[in-house]
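# need the 3D shape of this:
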Amino acid sequence: FGHRRVYLVGLAVFTLASVGCAAAPGIGALVAWRAVQGLGAALLTPQCLTIIRSLFDPPRLAVALAVWSAGGGAATVAGPIVGGLLVETWGWPSVFLVNVPVGVVTAIAVLRFVPVSPRLVVPLPVLAVTGVTAGVLAVVVGVQRTGAGLLAAPLPRAALVVLGAGVVAVVLTVQRRAGDRALVPLGLFRDRGFVTGSWGATAASFCVGSAPIPLMLDL
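Numbering: from 1, shown residues only. Predicted coordinates:
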């Protein structure tokens, strides 16, 4: 549907879900609206670098990427501080409502400065997407210990991890034979730069993703 269209749809979903989070009457509704937020983020986030790449050519591309990276780093540092001020001043719903003006301003800026991108006919490997999602979900549920019930026992959790890893392995094997229709072209992993960058991104994701957990538990 084109990068700009998908970005705007994702931005709209994320912004509206933020309103739903702020108005949630209980924790169940809040979790549900957070899931909708995740859907919107999954639509808009991958378009960022693609749009930047289409708008800028070297050497300006390097500057644009630096600004994008710096913005993410600054948000990571400022987020807890700004969030704490919002919660102390206006309560927890404000950390979601602050997304609304940001979303509106961003949508206006995208409509004003980002040209409509061409539509690309790309066959979506639905089975691969479904298989990878189910496999990774099984691994995460198996690793993440629950408080009670069947999944609290070690054996079912281990079985889920093995099952999930097996599903992902099967999908990768099938996709290796799929050629250009692969979800991720496995030929990329023969490129040393891509592999090195992927390991670096993975390490950074582990650090950034895991660091807030002990912090939240401590607080």
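# return the helix or strand in the chain with minimum mean pLDDT.
helix 154-176 (a mean of 79; mean pLDDT, DSSP states H and E).
# what comes into contact with the helix or strand just after that one?
Downstream of helix 154-176, the first helix or strand assigned by DSSP states H and E is helix 192-210. Contacting residues not belonging to helix 192-210 are listed as T76, L188, F189 [Cβ atoms under 8 Å, 6 or more residues apart in numbering]. Placement of C-beta: from N, CA and C, glycine included.
# and the first one, how far from G84?
In this case it means T76. The gap separating T76 from G84 is 14 Å, by Cβ to Cβ, to the nearest Å.
# would you tell me which helix is longest in this structure?
Longest helix in the chain by number of residues (criterion: DSSP state H): helix 60-90.
# now that one: mean pLDDT?
Averaged over helix 60-90, pLDDT sits at 90.
# list the buried ones in the helix or strand just after that helix?
Note on helix 60-90: by DSSP H and E, the next helix or strand toward the C-terminus is helix 94-97. For helix 94-97, burial by neighbour count (16 or more other Cβ atoms under 10 Å) applies to V95, F96, L97.
# quick one: pLDDT of the residue nearest to the spatial centre of the chain?
In the chain, the residue lying closest to the centroid (Cα atoms, centre = their mean) is A42, at 4.9 Å. For A42, the pLDDT comes out at 94.
# wait, isn't it in contact with V13?
No. Between A42 and V13 there is no contact under Cβ atoms under 8 Å: 9.3 Å.
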